[in-house]
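*Asks:* fold the following, please.
(6 chains, ligands or ions: 6)
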6 protein chains.
Amino acid sequence: MLLHLSTWPEVDRYLAHRQSIILPIGSTEQHGPTGLIGTDAITAEAIAKVVGEQTGTLVGPTIPVGMAHHHMGFPGSMTLRPSTLIQVIRDSVLSLAAHGFRSVLFINGHGGNINTVNAAFYEIYEEARATLGDAAPALRCALCSWFALPGVGALQAELFGDREGLHATPSEVSVTQAVHPDHIKTASLDPIAPTAGAFHDSRDFRARFPDGRMGADPSLATPEHGHRFIAAAAAEIAERYGEFLAGA
Amino acid sequence: MLLHLSTWPEVDRYLAHRQSIILPIGSTEQHGPTGLIGTDAITAEAIAKVVGEQTGTLVGPTIPVGMAHHHMGFPGSMTLRPSTLIQVIRDSVLSLAAHGFRSVLFINGHGGNINTVNAAFYEIYEEARATLGDAAPALRCALCSWFALPGVGALQAELFGDREGLHATPSEVSVTQAVHPDHIKTASLDPIAPTAGAFHDSRDFRARFPDGRMGADPSLATPEHGHRFIAAAAAEIAERYGEFLAGA
Amino acid sequence: MLLHLSTWPEVDRYLAHRQSIILPIGSTEQHGPTGLIGTDAITAEAIAKVVGEQTGTLVGPTIPVGMAHHHMGFPGSMTLRPSTLIQVIRDSVLSLAAHGFRSVLFINGHGGNINTVNAAFYEIYEEARATLGDAAPALRCALCSWFALPGVGALQAELFGDREGLHATPSEVSVTQAVHPDHIKTASLDPIAPTAGAFHDSRDFRARFPDGRMGADPSLATPEHGHRFIAAAAAEIAERYGEFLAGA
Amino acid sequence: MLLHLSTWPEVDRYLAHRQSIILPIGSTEQHGPTGLIGTDAITAEAIAKVVGEQTGTLVGPTIPVGMAHHHMGFPGSMTLRPSTLIQVIRDSVLSLAAHGFRSVLFINGHGGNINTVNAAFYEIYEEARATLGDAAPALRCALCSWFALPGVGALQAELFGDREGLHATPSEVSVTQAVHPDHIKTASLDPIAPTAGAFHDSRDFRARFPDGRMGADPSLATPEHGHRFIAAAAAEIAERYGEFLAGA
Amino acid sequence: MLLHLSTWPEVDRYLAHRQSIILPIGSTEQHGPTGLIGTDAITAEAIAKVVGEQTGTLVGPTIPVGMAHHHMGFPGSMTLRPSTLIQVIRDSVLSLAAHGFRSVLFINGHGGNINTVNAAFYEIYEEARATLGDAAPALRCALCSWFALPGVGALQAELFGDREGLHATPSEVSVTQAVHPDHIKTASLDPIAPTAGAFHDSRDFRARFPDGRMGADPSLATPEHGHRFIAAAAAEIAERYGEFLAGA
Amino acid sequence: MLLHLSTWPEVDRYLAHRQSIILPIGSTEQHGPTGLIGTDAITAEAIAKVVGEQTGTLVGPTIPVGMAHHHMGFPGSMTLRPSTLIQVIRDSVLSLAAHGFRSVLFINGHGGNINTVNAAFYEIYEEARATLGDAAPALRCALCSWFALPGVGALQAELFGDREGLHATPSEVSVTQAVHPDHIKTASLDPIAPTAGAFHDSRDFRARFPDGRMGADPSLATPEHGHRFIAAAAAEIAERYGEFLAGA
Ligand code: NI
Ligand code: NI
Ligand code: NI
Ligand code: NI
Ligand code: NI
Ligand code: NI
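*Replies:* Ligands and ions are numbered 1, 2, ... in the order given. As a prediction, the model looks like this:
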């Protein structure tokens, strides 16, 4: 059940027996010479839809732009400042809480969102505590990055070994190929550069990773692999769904 | 050309000859007993895509949640505070400006966004003036609400007369039916209530408009009408594209 | 009854039977070679006073500086960022709400304020909803721009025809001449330039409108015309006063 | 020379030889049973005008609402939060700085503004330093509270002795009587209560000072005294004008 | 009793009979050629500890960085913007209020903090009033700058006369020597320059006070003097403790 | 070399050859029945000092209060909202950058800070990019949580096995005992409860962990162990110092 394809009476009926919702969150950022700029939103949304179906959970709108400062050295990348993204998460969760939703699971396609979205949860909790005290609703927010799930990691290793890399990876590119088989891009890729070490700001990132990839070989991507990743990630999240939100 | 389905080298080539981009902006809010909660994002995105094709302009990600406080009395509605939406618009525009984009046309599906998005443009201009002075880029931001275009208004009048109304209208519902023909909802609708007057906060809105419609009869909607509205709106925007951004 | 010339016990007595207040809002910005920089505050305040007398409504302090980024290319113009003006409106309304005021009508002299002030109303409503829920007071905020009232428009057309223009207009200059007959300025004015199209930032504005006027011929202004505009605007607002706030 | 009664070409000529401006700042707050709610703005503006005349300095618009939380227990009082007032001061000063103004003297009528306005100056300086570095303009902001000037204090002591008090004082009420002789209020006043000690929030303030006065006997006020205070304060500020801004 | 050396059950027991807490606040900023950059935090903390012991009051963590923009011309100085410091004070006080603390005395070592911290108290009070209304806790916040206490002033005059000065003073340097006798610095100092007048931004400050001192001769400092200042300041604050918080 | 015990000329000389600085960051929060509320600041500061000595790096002031919302159910805990902590980190780093510092290593004692501090780094980078463009300094910020270092983990496992737990751990309590041997607390502790699962807000935390410990047995702590942890953590950070900041 997708929120944007539902009516308010349908949501009203849903809320009578269920107070959970899934929000996909992606990013709009470079993904190397062949990866789509919308990769992280596309993957998060595709997996969230399947999780929603398997668990009977409502899926809300995908947040398309995340925190991607480090990719700003490449044309087309967009970013929210962390302070802006925190407010977006806050307003989104509080909107849903107003209707009775009590658990919000963000299914995330972008590593750069993790710190900020988790920080946002505490912004929400602390504001509720300070202004509402004991009357604050018992909200349960959680973030699940599909690409970092153990089962997904096993599949990444099985299919791509050390060519998976960290950004513009064959696993995420595969998922976008599964979703958009008519938008498969090709380019001659430089050899994989070493990805040792961290990076700092966007200039530093581009200096270290000149074509935008981080140790990844996206030429290994196929739509078929993509379907496997969607299924694997969704199944893993669906299986652990209660755990994410109960904190069990 | 869609940003999320492009690669960064493709955007790089685009920027070599063109510095314009379109951003659709919608809302996630009730649209009466039969309208989809995602109506405003769906319509804005559908029309923006056609404008992009007709004018050869890049189309960026759709902002799915806008300023919809007044709909918060109905389950499933989401809203950003105006202060949050201003920052989202600011960060989005400044991200694009960093790559050389100089004109950003927001194609808008929701009346409630108009004030805030226009305010955001001045937040951007004034911040740039204050911090960058004469070095500020010459940005041109504009907002075009498709449902308020003269040609669209003529079609609304022709097809629906005074049953078009102001919210959950047959024109916008028709567009969603054209885009999602498999998600056409039906319900028995109360007679159209008078829409005289304005409204204030979300409780006031629900008291005035108990099922969420504002003087509209969405039962008149058809997918065919929707295709006509998409075509009409897109053609009108495409024709006046230079005007929107040149301010001519 | 003017708030700044009242005592708190007088306000206390007023609140026992009336919970409405008027706040004039203007701007501090260039108005062409002969228009006063304070024009928009002067006009809003003059009209608000008459409305207050005719309707027995308390009139609060005039907000003298508004959102006037686009005029910043001309010396003496001042602006608040939209984000600042939103907070000013918010704090003003919440201050008044604390004493029991429930309706606040802003009488506005400046087009550049419209988007931001309306956005501010939703900032207030949404914050109240999120923090107070059902305990939020039923506030009714409205903005009335005197220069855009239908009756005022008729008088503009009658007196000035197409020489009224859009900024530094003979109608607003007339009002300032009525209020400050000892501060009537003269200058030789260039022919009226075409005002086709919109503008973007303050540099763009000055490039389009080199002396600050937008298609207006303020040399047609007279104090007598000003008195007519004050009377006409005030009468129209007074007549529709209930409508503005009831949203009827 | 008053900014709101000037044209932009007049300001342009002023700036050619002078880069100073005065901004009056007041408050909208209770002033006891007989004091006007606009007292602090009225007094600051009246004195600023005379200083402007005597020193040939431009006087900008009066900020009518300041930081007056502690008076919120009395109907009609309005307040900006300190964080809002800081942004108002910031935007005002940066607007003026954009035109070449380099010194801004705030003439203040309200003790409650002092901390926040001074904090705002450092917000401005630090933001300029952090964003502009050595290119930051050499701004000089200063705040002068007329009621706390030594010469004014001598006159307060001479005319009212220990009946001057701290709020709703005969000196400030006298100034408002001089400016608005047709709005002199009378009421039977309770004996002056002791003002020992500080206060905390607005409830604490009202509990300590039930009618709003702080140890003051405003029944001693006369318009004649008011004219003396205006003259004395203005002369003292005019004499020390260079000192305020040079920091000499 | 120091908060950071206590356990939560110990604080729980403290709160059963006492709802007061002391928070030292300093600054991290240049203190001339021989003064420690941490001087203001060191002095505030040292005095606060003795006050805590003498009055049986809990002492919380020292805020080490304050508002010190004007010292930013000297290496090693750090500053929070006033807007940031206001939020730090707000969050700190509201955290403590959540546990039942009702009075918070800030013992302050830095003049530059005074305006901002006092402004923060009103930010707290006003936010509580606006969001909680009558349910807001009766908080009592106060700021005591040890170096400006009357008894401390008498000792400064007795020991150092007009060589005390205003910054990098022998009194504050003495206190740091008492606390850190192993970190006494020496340097040949220029003659004391006149300190007439105020200063504006950090460039102005450095131009007026080239080595960072403001009319002070810190070579007069000794650890013994420091112990006297700690004892004198602490005794004076302890004696007037109830007064600070009762506002008596 | 400690910043607070240095003079500005000493910092000036340091900067001539070194542009790195360490900032310890802790928290003020409950640490179970026997752990000190200041544990995380005490441990971070103690380890940072040793790292500073071993690497010849300047150590700045310890941030004593971090993001600890989840501990707010226990008396004495304090928290900054994530949005506040982001601004504190931003202002701190930008202050240091103004003097020429280019790398800032935060040595962290509290898991709850990790998301927010990392988000703050991107707030800094993105703001610098947006306002300064290519002129932005090449800042390198990094966060190192001592308790999560591999070598520290090995020692935790060796000394405490599965009784180390996640909060109020014997390793962190040992470090506080090493630093403050005169403040060792004892209490009879309940059996270790299972720590399965995550937690949400502060009420949820307290419900899951009634005495504040998360699966830890702090009765195993000794000062001797503490000295070993300080040495191990400091050596590991010192050895990898260049790596943290070079991102090597
Ligand atoms: Ni990705
Ligand atoms: Ni719609
Ligand atoms: Ni105007
Ligand atoms: Ni007053
Ligand atoms: Ni000091
Ligand atoms: Ni800890």
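
*Asks:* contacting residues for the spatially most central residue of chain A?
*Replies:* Centroid check for chain A by CA atoms, centre = their mean gives A:Asn108 as the closest residue, at 1.8 Å. By CB atoms under 8 Å, 6 or more residues apart in numbering or on different chains, the contact list for A:Asn108 reads A:24-26, A:40, A:44, A:114, A:117, A:143-146. For every residue, glycine as well, the C-beta is placed using N, CA and C.

*Asks:* switch the cut-off to 7 Å
*Replies:* Shown in contact with A:Asn108 (CB atoms under 7 Å, 6 or more residues apart in numbering or on different chains): A:25, A:44, A:114, A:117, A:143-145.

*Asks:* out of these, flag the one nearest to ligand 6.
*Replies:* Within the contacts of A:Asn108, proximity to ligand 6 (CB to the ion) peaks at A:Ile114, which comes in at 21.5 Å.

*Asks:* how many other residues sit next to the closest one?
*Replies:* A:Ile114: 19 surrounding residues under other CB atoms under 10 Å in any protein chain shown.

*Asks:* just give me the neighbour total for the closest residue to ligand 4 within chain A.
*Replies:* Closest residue of chain A to ligand 4, CB to the ion: A:Thr131 (31.8 Å). Using other CB under 10 Å, the number of residues around A:Thr131 comes to 17.

*Asks:* same deal with A:Ser103?
*Replies:* 22.

*Asks:* again, but for the one 3 residues further on
*Replies:* Using other CB under 10 Å as the criterion, A:Phe106 is surrounded by 28 other residues.

*Asks:* relative to helix C:114-132, how tilted is the longest helix anywhere in chain A?
*Replies:* Using DSSP state H, we find that the single longest helix of chain A is helix A:114-132. Relative orientation of helix A:114-132 versus helix C:114-132 (axes from the mean of the first three to the mean of the last three CA atoms, to 10 degrees): 70 degrees.

*Asks:* do any residues in helix A:114-132 lie close to chain D?
*Replies:* No. Using CB under 7 Å from any CB of the partner chain, helix A:114-132 never reaches chain D; the gap is at least 14.9 Å.

*Asks:* in chain A, which spans are helices?
*Replies:* Going by DSSP H, chain A shows helices at A:8-15, A:39-55, A:82-98, A:114-132, A:150-160, A:170-179, A:202-208, A:223-239, A:241-246.

*Asks:* Throw those helices into a markdown table and include mean pLDDT, thanks.
*Replies:* A markdown table is the format used below for the helices of chain A (pLDDT from 0 to 100):
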| stretch | mean pLDDT |
| --- | --- |
| helix A:8-15 | 98 |
| helix A:39-55 | 98 |
| helix A:82-98 | 98 |
| helix A:114-132 | 96 |
| helix A:150-160 | 98 |
| helix A:170-179 | 98 |
| helix A:202-208 | 95 |
| helix A:223-239 | 97 |
| helix A:241-246 | 74 |
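
*Asks:* I'd like those as a markdown table, with distance to D:Ile63 appended.
*Replies:* A markdown table is the format used below for the helices of chain A (distance: least, CB to CB, whole Å):
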| stretch | distance to D:Ile63 |
| --- | --- |
| helix A:8-15 | 44 |
| helix A:39-55 | 45 |
| helix A:82-98 | 28 |
| helix A:114-132 | 29 |
| helix A:150-160 | 58 |
| helix A:170-179 | 54 |
| helix A:202-208 | 40 |
| helix A:223-239 | 54 |
| helix A:241-246 | 49 |
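
*Asks:* which among those is found nearest to B:Ala157?
*Replies:* Closest to B:Ala157 of those is helix A:8-15 (CB to CB; 27.5 Å).

*Asks:* for the closest residue to ligand 2 within chain A, which non-adjacent residue is spatially closest?
*Replies:* Nearest to ligand 2, among the residues of chain A, is A:His4, at 11.9 Å (CB to the ion). Among residues not flanking A:His4 along the chain, B:Gly38 sits closest, at 2.4 Å (CB to CB, 6 or more residues apart in numbering or on different chains).

*Asks:* from what I can see the one you found touches B:Thr28, true?
*Replies:* Yes. Contact criterion CB atoms under 7 Å: B:Gly38 and B:Thr28 qualify, at 6.2 Å.

*Asks:* name the residues contacting each of these two.
*Replies:* In contact with both B:Gly38 and B:Thr28: A:3-4, A:61, using CB under 7 Å, 6+ apart.

*Asks:* follow-up on the earlier one: who wins for neighbours among the contacts of A:Asn108?
*Replies:* For the contacts of A:Asn108, neighbours tallied by other CB under 10 Å; top is A:Ala44, 33 neighbours.

*Asks:* test my guess that that one contacts A:Gly60.
*Replies:* No. A:Ala44 lies out of contact with A:Gly60 (CB under 7 Å); the separation is 11.8 Å.

*Asks:* which residues touch the residue of chain A closest to ligand 4?
*Replies:* C:131, E:131.

*Asks:* from ligand 5, how far out is it?
*Replies:* Using CB to the ion, to the nearest Å, A:Thr131 is found at 36 Å from ligand 5.

*Asks:* and the nearest residue in space to A:Gln54 that is not next to it in sequence, how many neighbours does it have?
*Replies:* Among residues not flanking A:Gln54 along the chain, A:Ala238 sits closest, at 4.2 Å (CB to CB, 6+ apart). A:Ala238 has 18 neighbours, counted by other CB under 10 Å.

*Asks:* likewise the one 4 residues further on?
*Replies:* As a burial measure, A:Gly242 scores 13 neighbours (other CB under 10 Å).

*Asks:* do you know the pLDDT at the most far-flung residue of chain A relative to its centre?
*Replies:* Distance from the centre of chain A peaks at A:Asp134, with 32.1 Å (CA atoms, centre = their mean). Looking at A:Asp134, its pLDDT is 88.

*Asks:* re earlier: for the residue of chain A closest to ligand 2, what are its contacts?
*Replies:* A:61, B:28, B:36-38, B:41-42.

*Asks:* could those go into CSV alongside distance to ligand 6 and neighbour count?
*Replies:* Listed next are the contacts of A:His4 as CSV, based on distance: CB to the ion, whole Å; neighbours: other CB atoms under 10 Å in any protein chain shown:
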residue, distance to ligand 6, neighbour count
A:Pro61, 38, 24
B:Thr28, 40, 27
B:Leu36, 48, 31
B:Ile37, 44, 30
B:Gly38, 44, 30
B:Ala41, 44, 26
B:Ile42, 48, 27
